[in-house]
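Trainee: Could you look at this predicted model? Sequence included:
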Amino acid sequence: MSTARFRILRPLRHRDYRFLVGGALVSLFGDGVFIVALPLQVYALSNIPTAMAMVGLVWTGAQVSMLLVGGWASDHFERRRLMMAADVVRAVAMGVIGVLSVIGALALWHLLILGALVGASNAFFNPAASSIVPDLIPDSDLPQANAFFGTARPAMARLLGPAAGGAIVGAAGPGGAFLLDAVTFALSAVLLARMRNQPAAVELAADRSLASTLAGVREGLGFVRSHRWCWVWLVGALFGLLAYTGPVDMLLPFILRNEMGLTPSQAAYYLGAVLAFGGVGSITMSLLVGQLDLPRRFVTTMYLAEIVGVGMLAIYGFMTAVWQAILASLILNSMFAYADIAWITLLQRHVPRRLLGRVSSVDWLTSLGLLPLSFAVAGPLAATFGSRSVLIAGSLLGVLIIAGLMFVPGARDPQDADTEASPQPRALPLR
């Protein structure tokens, strides 16, 4: 298959990028299995939305609390080794969860403690994974690399993984799914080990004091604060995820299991189907962007895509049949995929390499910052007003906030700048 004809495959010419992609593919497949197994395991232990809210709060809270440190580490240590260490920790934690589930000894407090360990590991892995790509390929290949990940991520995490997860959980229970996820983390670490050593973005200073570390963290925060195009989008993404993650991760499985007349095994199957068709939407959009590239006014379309995606969440609240949720998932995930590709490419082109890990950690932090609150309030709100009402109200609130931020002066400045790749990404003028 010619990489000249299929532009999205062009980054695969580079050896280390292929190993990075290989590790990501197997790990993302495990993630897809996991997202089906976790809510069904939690509801098997305690069939109330607040139980899932507690688990989500702890897992995301642990990640959010360590993100800035993880971003600093990504800029000061070899990113490949940092990712390998995080994979090993996650493999061990997930393996313990799986064994306890299989033998019938799993309790909610196990999920809380081990989940916090997984969340903290994610805080080191994700900034490193976001910032290592420009170290492996030329800048001219960045849109295609991000589009390829945009294709691979939903293919594994939202299509093949959930489809397999629904079947595995239905046949063998959540424990088998957790064990498979542990194996995928271990395989990811093995493939990352095959990559060549990558130099740290910044030589570690002799002063490794807490004050020096905090100064490095502040430098990343300062870049975001001084560039309006950057912080405005991060605020919008924060509220979009607030409307999406807690309500959807908690309440969509609850509605399928308790309000659609489905048995537990049917609920697992249809939840997998909804997530899988979301993956189809993400894959289709990513393939289009990888082949056609981003449009000239890509920042405006990035905002519009986010608005449409968040608006689709209301369909989950109004649905009377599962096919409606499947259609909504298809559309909203295609919109989110476009917005993600555009945003990641923007960061990689306009943030200096030495700051990319820290700015990526701020991106993750602001994107996930309200997720603990999302999980914390979605359960009690659903108990008071109903699951469907929470989904509809969250969708409306998210659309209004993102639409307003789109018109903040300076929010779309990169649209007017030269977005052609250069040997060293440059920052846009300060706002």
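Mentor: Done, it's in. Residues are numbered from 1 along each chain as shown.
Trainee: quick one: residue 15 from residue 147, how far?
Mentor: 20 Å (CB to CB, to the nearest Å). The way it works is simple: take the backbone N, C-alpha and C, and place the C-beta from them, glycine included.
Trainee: So these two - more neighbours on which side?
Mentor: Applying other CB atoms under 10 Å to residue 15 and residue 147 shows that residue 147 carries more neighbours, namely 29 against 12.
Trainee: Look up the closest residue to the more buried one, ignoring the ones flanking it.
Mentor: residue 290 (3.2 Å; CB to CB, 6 or more residues apart in numbering).
Trainee: Likewise for residue 123?
Mentor: Residue 123's closest residue in space is residue 66 (CB to CB, 6+ apart), at 3.7 Å.
Trainee: show me what contacts that neighbour?
Mentor: If a contact means CB atoms under 8 Å, 6 or more residues apart in numbering, then residue 66 has 119, 120, 123, 124 as its contacts.
Trainee: what comes up buried for the helix or strand hosting it?
Mentor: Taking DSSP states H and E as the criterion, residue 66 maps to helix 49-76. Within helix 49-76, the residues scored as buried using 16 or more other CB atoms under 10 Å are 49-64, 66-76.
Trainee: Please point out which parts of the helix or strand that comes right after that helix sit buried.
Mentor: Remark: after helix 49-76, the chain's next helix or strand is helix 79-102, criterion DSSP H and E. Buried residues in helix 79-102, counted by 16+ other CB under 10 Å: 79-87, 89-98, 100-102.
Trainee: Same check on stretch 255-273?
Mentor: Those would be 255, 256, 257, 262, 266, 267, 268, 269, 270, 271, 272, 273, for stretch 255-273 by 16+ other CB under 10 Å.
Trainee: what does the model give residue 306 for pLDDT?
Mentor: On pLDDT, residue 306 comes in at 93.
Trainee: What's the local residue count around it?
Mentor: Residue 306: 29 surrounding residues under other CB under 10 Å.
Trainee: Quick check: closest non-adjacent residue to it.
Mentor: Leaving out its chain neighbours, the residue that sits closest to residue 306 by CB to CB, 6+ apart is residue 339, at 4.7 Å.
Trainee: counting contacts, what elements does the helix or strand harbouring that neighbour pack onto?
Mentor: Following DSSP H and E, the helix or strand that holds residue 339 is helix 322-350. The contact analysis (3 or more CB pairs under 8 Å, 6 or more residues apart in numbering; DSSP states H and E) places helix 322-350 against helix 108-136, helix 142-154, helix 228-246, helix 252-258, helix 264-292, helix 298-311, helix 313-318, helix 353-368.
Trainee: Just want the angle from that helix to helix 298-311.
Mentor: 150 degrees (axes from the mean of the first three to the mean of the last three CA atoms, to 10 degrees).
Trainee: Now do helix 322-350 and helix 353-368, the angle between them.
Mentor: Using the same axes, to 10 degrees: helix 322-350 against helix 353-368 is 150 degrees.
Trainee: hang on, the earlier thing: tabulate the buried residues of stretch 255-273 in CSV, adding columns for pLDDT and distance to residue 283.
Mentor: Output for the buried residues of stretch 255-273, formatted as CSV (pLDDT from 0 to 100; distance: CB to CB, whole Å):
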residue, pLDDT, distance to residue 283
255, 88, 25
256, 87, 23
257, 83, 27
262, 80, 27
266, 82, 26
267, 82, 25
268, 78, 22
269, 81, 21
270, 85, 20
271, 84, 19
272, 79, 16
273, 85, 15
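Trainee: Return the set of buried residues in the lengthiest helix in the chain.
Mentor: Ordering each helix of the chain by length in residues (DSSP state H) puts helix 15-45 first. Neighbour-count burial for helix 15-45 flags 16-43, 45 (criterion: 16+ other CB under 10 Å).
Trainee: Same question for stretch 128-142.
Mentor: 128-137, 139, 141-142.
Trainee: can you tell me the distance between the two ends of stretch 36-52?
Mentor: Stretch 36-52 has an end-to-end distance of 13 Å (CA to CA, to the nearest Å).
Trainee: can you list contacts of that stretch?
Mentor: Residues contacting stretch 36-52 (CB under 8 Å, 6+ apart): 55, 101, 106-108, 111, 161-162, 165-166, 168-169, 174, 177-178, 181, 249-251, 253-254, 257, 264, 267-268, 271-272, 275, 375, 378-380, 382-383, 387.
Trainee: Give me the mean pLDDT for it.
Mentor: Per-residue scores along stretch 36-52 average to 83.
Trainee: Can you give the distance from that stretch to the centre of its chain?
Mentor: In terms of CA atoms, centre = their mean, to the nearest Å, the centre of stretch 36-52 is found 21 Å from the chain centre.
Trainee: likewise stretch 98-108?
Mentor: Put simply, stretch 98-108 sits 27 Å off its chain's centre (CA atoms, centre = their mean).
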